Each structure stands twice: as structure tokens, then as C-alpha cells.
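Asks: build me a model from this:
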Amino acid sequence: MNAKVVITGIGLLSGLGEGPEAHWSGLNREAPQPNVDETQFAPNPVHPLGAVDFSTQIPKKGDLRQMEPWQRIGTFAAGLALADAGIAGNQDYLDRTDMIVAAGSGERDTGTDMKVLETICGREDENIRANEILPSNLRPTLFLAQLSNLLAGNISIVHKVTGSSRTFMGEEMSGVAAVETAVRRIKAGQGDLFLVGGAFNSEREDMLLHFELGGMLLRGQHTSIWQRAGADNAGLAPASIGAFLVLEEESKARSRGARIYAELEEVVSGRCNRKRCAAIDNACRQFASLQSKLNKDKQLAVLSGASGAEGATSEELSFLRGVVEQSYATSIRAYGSVLGHGVEAHFPVGVALAALAIERGAFYPPFDQTGVEEAYTGAPEQVLLTCWGHWRGEALALIGKADQ
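Replies: A predicted model of the protein is given here:
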């Protein structure tokens, strides 16, 4: 069996707003304006959320109160996707909706962390004192880092999604694995309705420290992705983003009268040691596996998930300008220039933006003024999506126009 996979629901929450329309209009301005905070965590810029009324998707105050921000963001975006697909509140569909979530290890309680460190500093009985502090400061059943599958659990509780549930961890590649697994299961006849996505909260001191220790954060003034390529201050600008998709087997989607954004034709992924040009070699093999599906008569629209971190960003640009442009006339857009980098959510964001471009019959204006991103005319029938992890992992996806 080789069923077709279509996208019938999009749930997006970012600094541009909530829902497909807010993101389409925000990214289609002549000069799209990112929502950036350069002061709160200076010298590192982040992309925070704007004002969000979480109660519209998470109505119970008790549910909201027990969630950390990343869980709220993801649960909210999942609700948007279900509503957009027309299955929110329909228990017949929700009972057979399988869920695959991309998540980090949860958010640390930095206040408790600091209290422990301050209390045990210089003491010989640090283990005893730490064990005295933790039980009175941590929520029941939780350690300092919340469990990754709490996001899936909250989505299930709040939105009554009761099919199978799986959570992947592993930064950008967890988002790729979530989508790729759903696609392969639908094509193999192992399910026909999936809720897939992830979430990330950029305003986290613990996560920013983690990226900074790895030398991965953009420093100083915010710049576009391609301006960072090769720059001394290159790095990613983390973004608070929730992105969920409803993926369905095409005939089942049509039988219920669902609106179809696009077909998710293929997802290919891999992982290398990131020695010089190893990622390019990996991407070349992936691209070769997709070429038989590409339409050579059309300018190829490319959505790049480049993070801005080096040397992945420079190598991806070399791949796109070399291998891809040698075969096709291309028009590249690095959506991280406007939205920031969503880590686990970054690949689902790219799939959503590609599907919107296919459905709306237009590609996004350039997000960058370096000359990398050239104008695109006409209606794209296929979008090539890249997602290179800031540290490991390379993936390509092909999103195309669904059959009429």
C-alpha cells in the first residue's frame, strides 16, 4: 500500500500571532517584521510570543495552572490544528486520531535550582540539604526537568485526543521524526488520521544557557539567517513557537469533506558526524532520492529551515546554491529570519508554511536582502523544505499540490 498523505489542519502560534491567516499575512508583507526582543536576554536576541489568551484553547484554569509555558504553547497550537481540520470536539474522529509529539525534556524550575545551589554552596552536607529542599519545592511526581511526554498528555486531556501517542526527543530531528513517522505509517496503512507537531519556549534561562555553552546563540543585533552565514556572531535566535499539523490519508479526508491544503509527498532524513562537507553529502543523497518527484518545468520554491548556527548554515547555503541550483531555477526563503528558530517545532512550522503557499497559490516575498532570496512569480505547485539541525541531523521534505 502507498496511500497519499494530505495536510488538512494547521495550528501555528508564534510572535506573528495565532493561526494560518496571521502567519500568511505576517509573512507576505513587503518587508516582513520579526517580533524580536534584544534586551531581556542581552546580548542574545529571542523571538517571544505576543499577547495570547490561552483560555480560548485551554479553558480550565486548573489545566492552565499546572502547565509550563512550552506545554501551553503546544496544547494551544494542537487545538488550533484540530479546529482547522474540522475535527475538534468530534469524538468519533478524536478517538482514532493518533498523536506524535516532538518535545524537549521539559522546563527546569530555575528558582528551585538556584535555591539548591545557594543553600549547598560551601557545605559538606550538600546531598542532605539538597534532598531536604527538593520535596518541598517540586510538584508531585515531577523532577527538576519535567517529563517530555507531559505535552502529549495535556493535549490528550484538554482536547480529548485518545488514539495512540508517541513522543520523540532530540531537538530539530525530533520534529522531523514525528512528521516522517506519521507519513510512513499512513502510506503503509497503519493509520489514517494523525495530529503531529511540537512546541518550544524561547524565554528560558536554562535553555539559553545550554545553547550558549555550545556556542550556538546569535549575539548582538538581530540579523537575517543568510547575513549570519560565516559571521563571527553567527548563531540561532530561539523562538517561542507551537506548530501542529493534522495529516490524513487522502481518500479518508475527501470522504469527510475536509479542506486539503497540500499533499505531503515525502520526508527523508539522516544524520552525520558534521565533519566538513559531511552534511552536504548527506543532503545530496536525500535530494537525489526526491528528484524523480520534482517538476523540472517550474521554478523550485525552497523553504529553508536553516538555524543561523555555524557551520551548518554556510554548508546548507552551499548545498542549495550548488547542487539544487545546478538542477533547477530556485527561489529560497529562510523562514527563521522572521520567525526565529523553533528547535523541536521548526520542521512542522516549515511544513505548515509550505502547505499554505501551495494552498494560497503564491510564494513568500524575500525575507533577506543579501541577494540569496530571489523573487518568485506564479503559483508554486511544489515546495522543497530543508531542515538541518543546529548541531546534528539533516532532512528534506517535498510538499506538493493535491489532486483536484
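Asks: OK, contacts around the closest residue to A312 other than its chain neighbours?
Replies: Closest residue in space to A312, ignoring its immediate chain neighbours: W388 at 4.9 Å, by Cβ to Cβ, 6 or more residues apart in numbering. For glycine as for every other residue, the C-beta is placed from the backbone atoms N, C-alpha and C. By Cβ atoms under 8 Å, 6 or more residues apart in numbering, the contact set of W388 is E172, A279, A283, G305, A306, S307, A312, T313, E315, E316, E394, A395.
Asks: one more pass at 6 Å, please.
Replies: Taking Cβ atoms under 6 Å, 6 or more residues apart in numbering as the criterion, W388 is in contact with A312, E316, E394.
Asks: so which of those residues belong to helices?
Replies: A312, E316 (DSSP state H).
Asks: R271 - how many residues pack around it?
Replies: 15 (other Cβ atoms under 10 Å).
Asks: and it, how close does it get to G197?
Replies: Distance, R271 to G197, by Cβ to Cβ, to the nearest Å: 21 Å.
Asks: who does whichever helix or strand V268 is part of pair up with?
Replies: If you go by DSSP states H and E, V268 is part of strand 262-270. Strand 262-270 sits in its sheet next to strand 5-14 (antiparallel), strand 394-400 (antiparallel), going by DSSP bridges.
Asks: now do the contacts for G104.
Replies: Per Cβ under 6 Å, 6+ apart, neighbours of G104: E344.
Asks: spell out the secondary structure type for it.
Replies: Here G104 is recorded as coil under DSSP: H, G, I helix; E, B strand; the rest coil.
Asks: avg pLDDT for stretch 89-97?
Replies: For stretch 89-97, mean pLDDT is 97.
Asks: show me what it is in contact with.
Replies: Contacts for stretch 89-97 (Cβ under 6 Å, 6+ apart): I87, K160, V161, T162, G163, L193, L195.
Asks: the first one belongs to a strand, doesn't it?
Replies: Think I87. No: using three-state DSSP, the assignment for I87 is coil, not a strand.
Asks: contacts only, for it.
Replies: Y93.
Asks: mind checking which of the strands paired with strand 262-270 is nearest V176?
Replies: Among the strands paired with strand 262-270, strand 394-400 comes nearest to V176, with 4.3 Å by Cβ to Cβ.
Asks: check which residues of that closest one are buried.
Replies: E394, A395, L396, A397, L398, I399, G400 (16 or more other Cβ atoms under 10 Å).
Asks: how far does it sit from the chain's center?
Replies: Counting by Cα atoms, centre = their mean, to the nearest Å, strand 394-400 is centred 13 Å from the centre of its parent chain.
Asks: show me the shaky parts of the stretch 251-400 of the chain.
Replies: Low-confidence segments of the stretch 251-400 of the chain (pLDDT under 70): none present.
Asks: where along it do the strands fall?
Replies: Under the criterion DSSP state E, counting those that start in this stretch, the stretch 251-400 of the chain carries strands at the ranges 262-270, 300-304, 330-334, 382-388, 394-400.
Asks: report the secondary structure state of I100.
Replies: Quick answer, by three-state DSSP: I100 is strand.
Asks: so it touches F168, yeah?
Replies: No: contact criterion Cβ atoms under 6 Å: I100 and F168 do not qualify, at 7.1 Å.
Asks: hang on, the earlier thing: between the contacts of W388, which is closest to E374?
Replies: E374 lies nearest to E316 out of the contacts of W388, by Cβ to Cβ, at 16.8 Å.
Asks: distance of that closest one relative to G15?
Replies: On the measure of Cβ to Cβ, E316 and G15 end up 23 Å apart.
Asks: the two: which has the busier surroundings?
Replies: Set side by side, E316 and G15 show more neighbours around E316, with 25 against 22, by other Cβ under 10 Å.
Asks: quick one: that one and S307, what's the gap?
Replies: Using Cβ to Cβ, one gets 9 Å for the distance from E316 to S307.
Asks: again with R274
Replies: Taking Cβ to Cβ, one finds R274 at 13 Å from S307.
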